[in-house]
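In: Got a sequence here, can you build the structure:
(chains A and B)
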Amino acid sequence: MTRASDSTPPRLTLGGCALLAAIIAIPCCGRGPARAGQAQRPGAKVVIQNKGSDTMVNVAQLWAEEYRHVAPEADVEVSGGGSGVGIAALIKGAVDIANASRDMKPEEIEEAKRNNQGQEPKEFVVGHDALAVYVHKSNPLNEISLDSLADIYGEHGTVTRWSQLGVEIPGVRDDRIVRISRQSSSGTYEFFREQVLDQKDFKLGSLDLNGSKEVVELVGATKTAIGYSGMGYDTDAVKMLGLSRDAGGIASAPSVDNVFDKQYPLARSLLIYTLGEPQGAVKMYIDWIMSETGQKILEESGFVPISRRRSTKS
Amino acid sequence: MKKRLEAMNRPSRPRWAVLGEKMLEGVIRLCGISAIVFVAAILLFVFREAAPILFGDRFHLKQFLLSVEWYPTSVSNVRYGTFALTVGSVSVTALAMVIAVPFGLGAAIFVSEFCGRRMRETLKIVIELLSAIPSVVWGFIGLTVMSKLIVAYTAAPVGVNILNGGVILALMSVPIIVSIGEDALKAVPDSYREAGLALGATRWQLVYRVLLPAAKNGLLAAVLLGVGRAVGETMAVLMATGHAVHIPHGILDSVRTLTANIAAELGEAPVGSDHYRVLFLTGLLLFGITFAVNLTAELVVRGIRRK
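Out: Numbers count the residues shown, from 1 in each chain, chains lettered A, B, ... in the order given. Presented below is the predicted three-dimensional model:
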């Protein structure tokens, strides 16, 4: 228990003020190791900061690990957080490469230019992805239309129970649909809102998870769940639904071929952004990602490479 | 007068020793008041970030406090209603307290009154260990272990919900309740116990009739500090409650708390945007809630001293 102060009121001396100011100021000065893009001595270790999309975080990790063998002098540091987080960091100039599963918005490009002496963000398409709609393995549903998805996820959508879609899940009494969504900084979230909900809002009460993998895991553990995530996160506990553009239309499954033929309605590009034309180590890294080795890693993580010719060859 | 005479007769000390002592005193005084400076500075900075929106004309305080519609990144219609988040925070905390208070106070009574010396030392060490577990670990336990148990043993469709968050928070606030509650019981003078026993009370009667009334303010303070811990917790509830903006209808529903919402969204909100400022305003709201809880605790503690 604290004791009440008894006599003199505390006085802040001048020296005390100076000390306090010094304590507060310490974290502001001092900088980390040499960042890529800055001037550096030849042979010195270069750190490439890479942040953004949770959809791409696994493949970005694999790239970074593999690149260590290719170019030992470069160290790629990867973190997730969502496309929005990566782009925000790029705007602040805190990262060299931002991963994004959605395009940068015009106002974000403007802000990036304003904050970084007019350097325009440069976009690279490094692969493609089908945004898959997942349900539990025991769910008898095999395909769904974009309209039904909007009825389930959209703000004024009327579908809240599986029985409304004519679906009966074995061994379940309460058939309310458990909607699993993503946090609002996610590019996947924005892509889904744009493509499925026509930029309208989500129905409140969905479980907004912080990662692509978490969505699939929770769907796998919940019989009445529906969720969306990259096709690379498929597991044995879940099922990817075929998608049709409107009710009664022909549904197509999320697969490499359907993405190339533009049959699958929710195909998107995986992007990386840099500030201005990439230089030195960053440029080498991006070139390597686009190379056959980099694209092969992308394909092995369950995504679709930039060109089909390459994918059949490897 | 007498004191001054004594000081004059004493051999004078070297100047450096006097100066050194003065400096040391200054440093210690600084440490003492630094907490006030830091709290004031944090409040000021949070307020400064939130102020433009608070006094802007696009913002409605009533909507902010009472609407359940939280659409910070909407393309067509941005709405900042935090009511569902406040209800989320309150419901998870309330459930946590329903679980933690009986356990915490029971443990405090046991440790203070009923167990032997060796048992007491062991228990205190273990309870302190419990409070040393980082909250992200608790969150992970909630996400992986607890959620499976909840799905297996209740009718809940999803394992991440109020029940999960409440149990995790209860486990996190029990150590605080136990250690402060035990201090409060220890502070009851032994003469009370002796008098009780002399009158022929059993141990249980002694606890129930003498110690609990005598220590009730201290125990209440222990509970309120536990509440403060639970309201402010972020990482564990972010992982264990399901993060759904939703007014819950039962303890098996998912919710989102104020703290988790700030943690999840501040990273992406562009600095200086409305969304960013509203998140800071949410921080102020949270600050207000914890301040009210802590102030109540402090007033209660003062109440003890006056007795």
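In: three-state assignment of whichever residue of the stretch 51-200 of chain A sits closest to chain B?
Out: The stretch 51-200 of chain A approaches chain B most closely through A:Ser185 (3.2 Å), counting by CB to the nearest CB. From N, CA and C alone the C-beta is placed, and that goes for glycine too. Here A:Ser185 is recorded as coil under DSSP: H, G, I helix; E, B strand; the rest coil.
In: In terms of pLDDT, where does it sit?
Out: If you check A:Ser185, the pLDDT there is 79.
In: if I pick it, what's in contact with it?
Out: Shown in contact with A:Ser185 (CB atoms under 8 Å, 6 or more residues apart in numbering or on different chains): A:Gly81, A:Gly82, A:Ser83, A:Gly84, A:Val85, B:Ala264, B:Glu265, B:Gly267, B:Glu268.
In: hang on, the second one packs against A:Glu190?
Out: No - between A:Gly82 and A:Glu190 there is no contact, the gap being 9.4 Å when judged by CB atoms under 8 Å.
In: Mind checking which of these two has more residues around it?
Out: Higher neighbour count among A:Gly82 and A:Glu190: A:Gly82, with 33 against 23, using other CB atoms under 10 Å in any protein chain shown.
In: what's the spacing between the residue of the stretch 51-200 of chain A closest to chain B and B:Glu268?
Out: Applying CB to CB, to the nearest Å, the value for A:Ser185 to B:Glu268 is 3 Å.
In: Identify the contacts common to the two.
Out: Contacts common to A:Ser185 and B:Glu268, judged by CB under 8 Å, 6+ apart, are A:Gly81, A:Gly82, A:Gly84, A:Val85.
In: Tell me how many other residues crowd the third one.
Out: The burial count assigned to A:Gly84 is 28, neighbours taken as other CB under 10 Å.
In: Which strand or helix spans it?
Out: Assigned by DSSP states H and E, A:Gly84 belongs to helix A:83-92.
In: That helix near chain B at all?
Out: Yes - part of helix A:83-92 sits near chain B under the criterion CB under 8 Å from any CB of the partner chain, namely A:Gly84, A:Val85, A:Ala88, A:Ile91, A:Lys92.
In: Next, the residues that contact the helix or strand just after that helix from outside, please.
Out: Later in the chain than helix A:83-92, the nearest helix or strand by DSSP H and E is strand A:97-100. The contact list for strand A:97-100 (CB under 8 Å, 6+ apart) reads A:48-53, A:56-57, A:60, A:83, A:86-87, A:89-90, A:187, A:270-274, A:282, A:285-286.
In: Residue of the stretch 201-314 of chain A closest to chain B, please.
Out: Closest point on the stretch 201-314 of chain A to chain B, by CB to the nearest CB, is A:Gly205, at 3.8 Å.
In: What spatial separation is found between the nearest residue to B:Ile53 once chain neighbours are set aside and chain A?
Out: Excluding the flanking residues, the one nearest B:Ile53 by CB to CB, 6 or more residues apart in numbering or on different chains is B:Arg277, at 3.8 Å. The gap separating B:Arg277 from chain A is 15 Å, by CB to the nearest CB, to the nearest Å.
In: Can you give me the domain boundaries for the chain?
Out: Assuming you mean chain A. Domains of chain A are assigned by automatic domain parsing as A:46-128+A:269-313, A:129-267.
In: hm, I was asking about chain B
Out: With automatic domain parsing as the reference, chain B has domains B:13-57, B:79-306.
In: Give me whichever of the ones you listed is most buried.
Out: Ranked by mean neighbour count under mean count of other CB atoms under 10 Å in any protein chain shown, these are led by domain B:79-306, which reaches a mean of 19.
In: Quick one: mean pLDDT over that one.
Out: Summarised as a single mean, pLDDT over domain B:79-306 is 90.
In: now stretch A:84-91
Out: Here the average pLDDT along stretch A:84-91 is 91.
In: rewinding a little: what two of the shared contacts of A:Ser185 and B:Glu268 have the greatest distance between them?
Out: A:Gly81 and A:Gly84 (8.0 Å; CB to CB).
In: Find the nearest non-adjacent residue to the one residue in the stretch 101-250 of chain B that gets nearest to chain A, please.
Out: Closest contact between the stretch 101-250 of chain B and chain A, by CB to the nearest CB, is at B:His246 (3.8 Å). Closest residue to B:His246 apart from its sequence neighbours, by CB to CB, 6+ apart: A:Gly205 at 3.8 Å.
In: Check B:Asp253 too.
Out: Nearest to B:Asp253 is B:Asn161, by CB to CB, 6+ apart, at 5.8 Å.
In: pretty sure the one you found contacts B:His249?
Out: No - B:Asn161 is beyond contact range of B:His249, at 11.2 Å (criterion: CB under 8 Å).
In: need the residues of the stretch 101-250 of chain B near chain A, please.
Out: Taking CB under 8 Å from any CB as the criterion, the neighbours of chain A within the stretch 101-250 of chain B are B:147-148, B:151, B:155, B:157-160, B:183, B:187, B:218, B:238, B:242-246.
In: Helix or strand next in line after the worst-scoring helix or strand of chain A on mean pLDDT, which one?
Out: Within chain A, confidence by mean pLDDT, DSSP states H and E is lowest for helix A:14-25 among all helices and strands, at a mean of 43. Sequence order places strand A:46-52 as the next helix or strand after helix A:14-25, per DSSP H and E.
In: What are the contacting residues of that next one?
Out: Contacting residues not belonging to strand A:46-52 are listed as A:32-36, A:40, A:60, A:64, A:73-83, A:85-87, A:89-90, A:94-100, A:187, A:272, A:280-282, A:285 [CB under 8 Å, 6+ apart].
In: Please apply the same query to stretch B:227-239.
Out: With contact meaning CB under 8 Å, 6+ apart, stretch B:227-239 is reached by A:210, B:89, B:92-93, B:96-97, B:100, B:135-136, B:138-140, B:142-143, B:160, B:165, B:168-170, B:172-173, B:176, B:257, B:259-260, B:262-264, B:286, B:289-290, B:293-294, B:297.
In: just stretch A:78-85 next, same as before
Out: With CB under 8 Å, 6+ apart, stretch A:78-85 has contacts from A:50-55, A:57, A:60-61, A:64, A:98-102, A:182-190, A:210-211, B:267-268.
In: how about 7 Å then?
Out: Residues outside stretch A:78-85 that contact it (CB atoms under 7 Å, 6 or more residues apart in numbering or on different chains) are A:50-54, A:57, A:60-61, A:64, A:100-102, A:183, A:185-187, B:267-268.
In: and what of stretch A:174-181?
Out: A:152-153, A:160-163, A:169, A:189, A:202-203, A:206-209, A:215, A:218-219, A:222, A:224-227, B:155, B:157-158.
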